[in-house]
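Visitor: Need coordinates for the following:
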Amino acid sequence: MNTQSSSSKVNSRPETNIIENSSSLFTNHKLNGHNFLQWSQSVFMYICGKGKDEYLTGEISILATTDSKYRTWKTKNHMVMSWLINSMTTEVGESFLLYKTAKEIWEIARETYSSSENTSELFEIETRLHDLRQGESTVTQYFNILKWYWQQLDMFEIHSWKCSNDSALYKKIVDQNRKFKFLLGLNKELVEVRGRIMEIKPLPNIREAFSKFEERKVERS
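Guide: Residues are numbered from 1 along each chain as shown. I've put the predicted structure just below:
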């Protein structure tokens, strides 16, 4: 009877339950060898939200087996390891089963699957953006598609600015180019609204420009 009670207590530990259910934690961005940026963003946000990101960054050092906190460290480290491996496809995950820490898995995954240039992926995104027009989409659908591609590009951002002013100027240029892309891709029947926006000084930001079309839709409904 006591054995059953003890077993029940062990199985009710939150960390154990998380590990047992970890295979269902990540379903949208499983690492498959070709999507490291999307995967790493998604996984890091989840683990950071759980307050365990220090097991990825190494802020929590490996403890000696004689340390009184070793068992707690080991349990949490293995929990994060299970999250990482279960967020990978079976083929990719199998190659990480023999590592000892979550930090090792995180760093080896980055070294193996992250490219500092990502040339082919960048080219594909830029090509799709270049050809993208509103077409049969609503303005909202068109804007959301643009935002999705821009978010993809932002994940490839690898510039290291020595001067904060340069960084701010670059962001301003990028934002302006995105405003022009949004406005130029709109259908011809919206040229009047686009013209009114272009007359505003200074030119409104991308979200403010989009809101002008939302206002027009409300007025016409």
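
Visitor: Spatially central residue in the protein, please.
Guide: Gln41 (3.2 Å; Cα atoms, centre = their mean).

Visitor: Checking that residue next. Helix, strand or coil?
Guide: helix (DSSP: H, G, I helix; E, B strand; the rest coil).

Visitor: pLDDT score for it?
Guide: The model reports Gln41 with a pLDDT of 82.

Visitor: likewise Gly51?
Guide: Model confidence at Gly51, given as pLDDT, is 90.

Visitor: swap in the one 10 residues further on?
Guide: Model confidence at Ser61, given as pLDDT, is 85.

Visitor: what about the nearest residue to the residue nearest to the centre of the chain once chain neighbours are set aside, distance to Phe44?
Guide: The shortest distance from Gln41 to any non-neighbouring residue, by Cβ to Cβ, 6 or more residues apart in numbering, is to Met155 (6.1 Å). Using the backbone N, CA and C atoms, a C-beta is placed for each residue, glycine as well. Applying Cβ to Cβ, to the nearest Å, one obtains 11 Å for the distance of Met155 from Phe44.

Visitor: again with Thr75
Guide: Plainly put, Thr75 is 21 Å away from Phe44 if you go by Cβ to Cβ.

Visitor: ok now do Asn205, which residues does it touch?
Guide: The neighbours of Asn205, taking Cβ atoms under 8 Å, 6 or more residues apart in numbering as the test, are Asp175, Lys179.

Visitor: Quick check: phi and psi at it.
Guide: For Asn205, the backbone dihedrals (degrees, to the nearest 10) come out as phi -70, psi 170.

Visitor: Please point out which parts of the longest helix seen in the chain sit buried.
Guide: When the chain is scanned for its longest helix (criterion: DSSP state H), the result is helix 164-184. When neighbours are counted by 16 or more other Cβ atoms under 10 Å, the buried residues of helix 164-184 are found to be Arg178, Lys179, Lys181, Phe182, Leu183.

Visitor: and of the residues you listed, the nearest to Val139?
Guide: Using Cβ to Cβ, Phe182 is the member of the buried residues of helix 164-184 that lies nearest Val139, at 9.2 Å.
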